[in-house]
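[1] Predicted model and sequence follow; I will ask about them next.
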Amino acid sequence: MKVRVRFAPSPTGALHIGGVRTALYNYLFAKKHGGEMLLRIEDTDSNRFVAGAEEYIIESLNWLGIKFDEGVGVGGQYAPYRQSERKDIYRKYVDFLLENKKAYIAFDKPEELEAKRNETANFQYDASTRLQMKNSLTLSENEVTEKIAAGENYVVRIKIEPNEDITVNDLIRGEVTINSSILDDKVLWKSADGLPTYHLANVVDDYLMKITQVIRGEEWLPSAPLHVLLYRALGFESAMPQFAHLPLLLKPEGNGKLSKRDGDRLGFPVFPLDWTDPKSGEKSSGYREAGYFPEALVNFLALLGWNPGTEQEIFSMEELIDLFSLDRVSKSGAKFDYEKGKWFNHQYLIRKSDEELAVLFNTSTSLSNQFDDATLAHIVGLVKERVTFVQELWEQTAFFFLAPTEYDEKTVQKRWKAETPALMQELIVELEKISDFSAANTEEIILGWISTKGYNMGAVMNAFRLALVGAAKGPHLFDITAVIGKAETIKRIEKAIETLK
RNA sequence: GGCCCAUUCGUCUAUCGGUUAGGACGUAAGAUUUUCAUUCUUGAAAGAGGAGUUCGACUCUCCUAUGGGCUACCA
């Protein structure tokens, strides 16, 4: 049977990083088995619908290279893929359940239920209580039809038979068994917006869309037995998909799972892309805008809860697909370690060619075109080991483009002594004599000059660096002089002498 | 409260009854370097606790503890 999985987010805001990982695992699993993945939008809660969320989800996954074979934005033979557009389909199945006494109609109002919960500790709408409530089990058929005819609102609840052990065979956790008595008669059809709840819509759609594996977060594990019961009641049991409940992504400190509401307050983005909440106007940053490479984020996320059992850390999407397996997914939640995420980005950055980085660098800053492409690539290559993000390249290379306007005070105190100006004057004289200003040649001549004169290497070189860079940092000094050239090198030394005295 | 899931260095993890418990991030020290960084070397750092099962448990079972999830006409 062809593997078919789905990623089924709810458009209630930006997709967070945990959702991204779920999508990624679904994708890896599907591709590993030559199967298909579809995108279904679970918008059955009209109250929580957020404009733009659907587009955001699609753009995010697209950026990360997680591609759908079918679904919203792609189309396919099981369309529509937006649950709000499938209302009539669900209604048929609810009616089927009603006819077969697997579900019943209930008229209890939210306030009445609320009151019941307040007066009875651990109140649950189930086999032990439903006969005390207002529903088609306690009311006569006439009363029910009259109420409905009178326009009274009602919900449809599943009728859970008590005292039955229900076992869910989870691909990650093995057998999970619970007794049906602890389950409540969940609402399947809401009166508030005339739409099914997640449970019903989810089961019906997975069945109709021929889903073979349901790979979702662990927060769904408690309701998995309910879903199994729903498959049975609907007569879908023989086509029931397998379940795999993924461990959750946890906050780095304190406790709880990572959630949308964390925004930036944890000190790092929880969203793939920048996001502005349309209602509150609150802005949250995303990994893309923070400077992450999509491959790096994918690699980092893939390893949060899964590993191939080897000591390899860097994987391309193709390698991940090749190696992925659900039985190597861990069972316990993973705390999110942002520092490690940065390391992954650094690894991807240093693996990029100087030319490729130069292009990214060039577009990320608005520099003057004082250097040609080859020189720019050369400059980037000199410093790329030092940075995590492309946008950090500027602070590491600014002195190639601009002469220092100020000099780091500590370095001045340490490296610029009374005798330094005279030394620098001599250095200028030596530099003037050099015709081949390449790094190697300049270095040979200057170091030779220092040693024949018996000067202190550190005294000359550190002051020289201070004059060129303005601080005690930067790559090999003669790599800098070769790039900026003889005239600029001398000019900077003269300026330092003048400024620092 | 009830139910479910989990538990190896600070963090992500390897180990599928017999290992000096390995790797990575982070961290400490040292080396290299004319600066800073890189790089390299080395170090510190873990099986929650208690009972079993077994010749032998990190690994299997149970209990406890801790963490997490769920417990809506939200997903």
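    Structure's in. What do you need? Keep in mind that this is a model prediction, so the values were computed, not measured.

[2] Please report phi then psi for the residue of the stretch 401-501 of chain A found nearest RNA strand B.
    Residue nearest to RNA strand B within the stretch 401-501 of chain A (CB to the nearest atom of the strand): residue A:472, separated by 2.7 Å. In this view, the C-beta of every residue, glycine as well, is placed from N, C-alpha and C. Backbone torsions of residue A:472, given as degrees, to the nearest 10, read phi -90, psi 70.

[3] Just give me the neighbour total for it.
    Per other CB atoms under 10 Å, the neighbour tally for residue A:472 reads 14.

[4] what's the answer for residue A:61, then?
    By other CB under 10 Å, 23 other residues sit near residue A:61.

[5] Could you pull up the residues touching residue A:417?
    If you count contacts by CB atoms under 8 Å, 6 or more residues apart in numbering, residue A:417 has them with residue A:459.

[6] redo that, cut-off 10 Å
    A:423, A:459, A:463 (CB atoms under 10 Å, 6 or more residues apart in numbering).

[7] Assumed it was part of a helix.
    No: according to DSSP: H, G, I helix; E, B strand; the rest coil, residue A:417 belongs to no helix; its state is coil.

[8] Relative to RNA strand B, which residue of the stretch 251-400 of chain A is the closest?
    residue A:255 (1.7 Å).

[9] Could you check how far that residue is from residue A:18?
    15 Å (CB to CB, to the nearest Å).

[10] Show me which of those two is the more surrounded one.
    residue A:18 (25 against 8).

[11] pLDDT wise, what is the residue lying closest to the residue of the stretch 401-501 of chain A closest to RNA strand B once chain neighbours are set aside at?
    Of all residues not flanking residue A:472 in the chain, residue A:411 sits nearest, at 4.5 Å (CB to CB, 6 or more residues apart in numbering). Per-residue confidence (pLDDT) for residue A:411: 92.

[12] so when I look at residue A:411, I'm seeing a strand, right?
    No: counting by three-state DSSP, residue A:411 is not part of a strand but helix.

[13] What's the local residue count around it?
    Neighbour count for residue A:411, taken as other CB under 10 Å: 18.

[14] Over to residue A:24?
    Applying other CB under 10 Å, we find 24 residues neighbouring residue A:24.

[15] I'd like the distance between residue A:6 and residue A:77.
    With CB to CB as the criterion, residue A:6 and residue A:77 are 14 Å apart.

[16] Looking at these two, which has the bigger crowd around it?
    A count of neighbours by other CB under 10 Å puts residue A:6 above the other of residue A:6 and residue A:77, at 28 against 7.

[17] Test of understanding: give the bridge partners of the more buried one.
    residue A:38 (DSSP bridges).

[18] tell me the contacts of it?
    By CB under 10 Å, 6+ apart, residue A:6 lies in contact with A:23, A:26, A:30, A:36-40, A:42, A:68, A:70-71, A:81, A:202, A:205-206, A:209, A:211-216, A:241.

[19] what about 8 Å?
    Contacts of residue A:6 (CB under 8 Å, 6+ apart): A:26, A:37, A:38, A:39, A:40, A:71, A:205, A:206, A:209, A:211, A:214.

[20] again with residue A:177
    Taking CB under 8 Å, 6+ apart as the test, what residue A:177 contacts is A:165, A:166, A:167, A:168.

[21] Could you single out the nearest of these to RNA strand B?
    So of the contacts of residue A:177, ranked by how close each gets to RNA strand B (CB to the nearest atom of the strand), first place is residue A:168, at 8.7 Å.

[22] if we can go back for a sec, can you redo the contacts of residue A:417 as TSV with secondary structure, distance to residue A:181 and pLDDT?
    Shown next, in TSV, are the contacts of residue A:417 (DSSP: H, G, I helix; E, B strand; the rest coil; distance: CB to CB, whole Å; pLDDT from 0 to 100):
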residue	secondary structure	distance to residue A:181	pLDDT
A:423	helix	89	95
A:459	helix	85	91
A:463	helix	83	96
